[in-house]
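[1] Dropping a prediction and its sequence here:
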Amino acid sequence: MFRRLSSIAKITLLEFVRNKTSYVFLFFAIIFIFVSYGMGMLSMGEYIRVAQNTGLFFISLLSMLFVIFGIQNITIRDFYRKSIYTILSKLNNRYEYVLGRFLGLTLSVIILISVMSALFLPAITLFNFMMFAKSDIHYGVLVFALFMTMLEMIMLISLAMLFSNLLSSVLASIITFFIFIIGNSSGVLKIMSGKTPLVLKYLLLFFYYVLPNFENFNFRNMAIYGIMPSIVHIIDVVIYFMLYTGIILYLTSIVFEKKDM
């Protein structure tokens with residue numbers, strides 16, 4: 001089983017490397033690093049912090065767009081080229097395809113974020129030097145924030161895969177995008193639930209508890225001020241990530257097993 005999973009993951013990773021879209025995302029990453037520099041220049045005395053926050057935001061944004069478009073790309077390619085039938089014929093169970101693709105996409109996202117981070121961190125250091133700024137750059141917390149962005153994107157991969165098996169490509173992309181936006185504003189849902197009529201209150205609370213809470217993975221503000229979260233908080237976030245991602249992958253496998261192809 002491991003050999004079959006690794007084969008599918010390897011195919012997915014090779015598609016990522018060969019896909020010109022991946023290099024487009026890296027090109028935009030370079031552009032946004034200069035944008036971060038420009039945003040820092042426009043700020044009043046908070047050069048490095050603004051540049052760091054802007055850079056972390058753009059890495060998250062580009063990674064999210066890559067996940068959404070990357071998965072839909074693979075789904076469309078597999079079905080229109082009929083390659084999915086060849087792959088499935090070599091597997092014992094359909095869930096192996098889901099897990100293999102998930103592993104391949106996870107590796108692709110890790111590589112993408114690692115490359116963007118490798119561009120971002122030296123750029124921030126150079127920016128700090130050029131501005132003769134005295135701001136401390138907390139590299140350890142920045143790397144931690146980037147790692148949490150990786151976990152956030154991996155969880156988003158599982159959701160995007162689920163929707164791509166339930167809905168059309170366009171609709172799946174739109175819903176995944178809006179869930180990402182809502183998931184990064186989960187706190188707002190809870191606050192609103194306390195100020196609305198009873199029926200709407202329970203509806204908002206339902207969305208709050210069922211939809212992914214991507215706010216758990218947002219450590220940008222803590223990173224720029226050099227604040228490291230407690231071990232207990234980190235463990236809570238990792239457990240949440242593992243449970244939620246595992247459940248979504250299980251549901252995706254069930255949907256894919258029953259899919260008529």
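    Done, it's in. Remember, predicted model here, so these are calculated numbers, not experimental data. Numbers count the residues shown, from 1 in each chain.
[2] Helix or strand with the lowest mean pLDDT in the protein?
    Within the chain, no helix or strand scores below helix 83-89, which has a mean of 63 by mean pLDDT, DSSP states H and E.
[3] So which elements touch whichever helix or strand comes after it?
    Scanning forward in sequence from helix 83-89 by DSSP states H and E, the next helix or strand is helix 95-130. If contacts are counted by 3 or more C-beta pairs under 8 Å, 6 or more residues apart in numbering; DSSP states H and E, helix 95-130 sits against helix 2-18, helix 20-42, helix 47-80, helix 83-89, helix 139-166, helix 231-258. C-betas here are computed from N, CA, C, even on glycine.
[4] Run the angle between helix 95-130 and helix 2-18 for me.
    Interaxial angle, helix 95-130 versus helix 2-18 (axes from the mean of the first three to the mean of the last three C-alpha atoms, to 10 degrees): 40 degrees.
[5] Buried residues in helix 95-130, which are they?
    Judged by neighbour count using 16 or more other C-beta atoms under 10 Å, the buried positions of helix 95-130 are 95-106, 108-109, 112-113, 116-117, 119-121, 123-124, 127-128.
[6] Surely Lys190 is in contact with Phe206?
    No. Taking contacts as C-beta atoms under 8 Å, Lys190 lies outside contact range of Phe206: 11.6 Å.
[7] Including mean neighbour count and distance to Phe180, could the helices and strands packed on helix 95-130 go into TSV?
    What follows is these, written out as TSV (neighbours: other C-beta atoms under 10 Å; distance: least, C-beta to C-beta, whole Å):
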stretch	mean neighbour count	distance to Phe180
helix 2-18	15	20
helix 20-42	15	16
helix 47-80	20	6
helix 83-89	13	26
helix 139-166	21	6
helix 231-258	15	14
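[8] Among those helices, show the one with the smallest mean pLDDT.
    Mean pLDDT is lowest for helix 83-89 out of the helices and strands packed on helix 95-130, coming in at a mean of 63.
[9] List the contacts of the residue nearest to Asn216 when sequence neighbours are not counted.
    Nearest residue to Asn216 in three dimensions, chain neighbours excluded: Val237, at 4.9 Å (C-beta to C-beta, 6 or more residues apart in numbering). By C-beta atoms under 8 Å, 6 or more residues apart in numbering, the residues touching Val237 are 148, 151, 216-217.
[10] same check, this time on Phe241
    Contact analysis of Phe241 by C-beta under 8 Å, 6+ apart lists 151, 154-155, 216-217.
[11] List phi and psi for the closest residue to Glu257 other than its chain neighbours.
    Spatial nearest neighbour of Glu257, chain neighbours left out: Arg94 (4.9 Å); criterion: C-beta to C-beta, 6+ apart. With angles defined as degrees, to the nearest 10, Arg94 sits at phi -70, psi -30.
[12] okay, now Arg94: neighbour count?
    16 (other C-beta atoms under 10 Å).
[13] For it, give its distance to Ser158.
    Separation of Arg94 from Ser158 (C-beta to C-beta, to the nearest Å) stands at 16 Å.
[14] who's in contact with the most centrally placed residue in the chain?
    In the chain, the centroid-proximal residue (C-alpha atoms, centre = their mean) is Met153; its distance is 1.7 Å. Under the criterion of C-beta under 8 Å, 6+ apart, the neighbours of Met153 are 63-64, 67, 109, 113.
[15] ok, 6 Å please
    Applying C-beta atoms under 6 Å, 6 or more residues apart in numbering to Met153 gives the contacts 63, 67, 109.
[16] Redo the residues you listed as a markdown table? Include distance to Ile48.
    As requested, these are exported to a markdown table (distance: C-beta to C-beta, whole Å):
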| residue | distance to Ile48 |
| --- | --- |
| Ser63 | 22 |
| Val67 | 29 |
| Val109 | 27 |
